[in-house]
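S.K.: Sequence and predicted model, in that order:
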Amino acid sequence: MFHHIVLMKYSPQADAGFLERVEGYCERIRRSSPGVRRYVHLRNDASRRDALDWAIVSNFESSQAHDAYQVSPLHQEMKAFMTPFIERIVVCDAQEMTP
């Protein structure tokens with residue numbers, strides 16, 4: 001399994017309408033992207049000093065499924081919408097190791 005985790009700090013302009021639209025994108029990705037096992041947008045509950053506010057946590061059947069998602073028109077549209085609202089972003093892509 002391939003994991004794709006994106007941690008973000010949004011600008012103050014990221015209001016309820018923004019969050020609703022992001023959830024709409026997530027739902028469309030869950031329904032239409034082959035190889036997606038999980039794709040959720042979550043508020044980060046950590047209270048640590050440098051914790052970012054939001055995360056997209058996703059799992060893919062393979063790195064190839066993740067690569068296809070990355071270049072998909074829907075993901076590109078979502079990124080274009082979200083980018084102006086993101087003040088900081090950290091990405092983790094990891095292939096799960098099997099024993």
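M.R.: Right, received. Where do you want to start? Numbering: from 1, shown residues only.
S.K.: CA atoms for contacts and neighbours, from now on please.
M.R.: Noted.
S.K.: what does the longest helix along the chain rub up against?
M.R.: Longest helix in the chain, counting residues (DSSP state H): helix 16-32. With contacts defined as Cα atoms under 8 Å, 6 or more residues apart in numbering, helix 16-32 is touched by 36-41, 74-75, 78, 82.
S.K.: could you pull out the helices for the protein?
M.R.: 16-32, 63-70, 73-82.
S.K.: Report the buried residues of the longest one.
M.R.: By neighbour count, with 16 or more other Cα atoms under 10 Å as the criterion, the buried positions of helix 16-32 are 22-23, 25-26, 29-30.
S.K.: okay, the angle between it and helix 73-82?
M.R.: 170 degrees (axes from the mean of the first three to the mean of the last three Cα atoms, to 10 degrees).
S.K.: Let's see helix 16-32 as CSV, backbone CA atoms only.
M.R.: Extracted C-alpha coordinates of helix 16-32, given in CSV (Å, rounded to 0.1, in the frame of the first residue of the first chain):
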residue,chain,number,x,y,z
ALA,A,16,-16.7,27.2,5.8
GLY,A,17,-17.4,27.5,2.0
PHE,A,18,-13.7,26.6,1.3
LEU,A,19,-13.8,23.6,3.6
GLU,A,20,-17.1,22.4,2.0
ARG,A,21,-15.7,22.6,-1.4
VAL,A,22,-12.5,20.7,-0.4
GLU,A,23,-14.8,17.9,1.0
GLY,A,24,-16.6,17.9,-2.3
TYR,A,25,-13.3,17.3,-4.1
CYS,A,26,-12.4,14.5,-1.7
GLU,A,27,-15.7,12.8,-2.3
ARG,A,28,-15.2,13.0,-6.1
ILE,A,29,-11.7,11.6,-5.8
ARG,A,30,-12.9,8.7,-3.6
ARG,A,31,-15.6,7.9,-6.2
SER,A,32,-13.6,8.3,-9.4
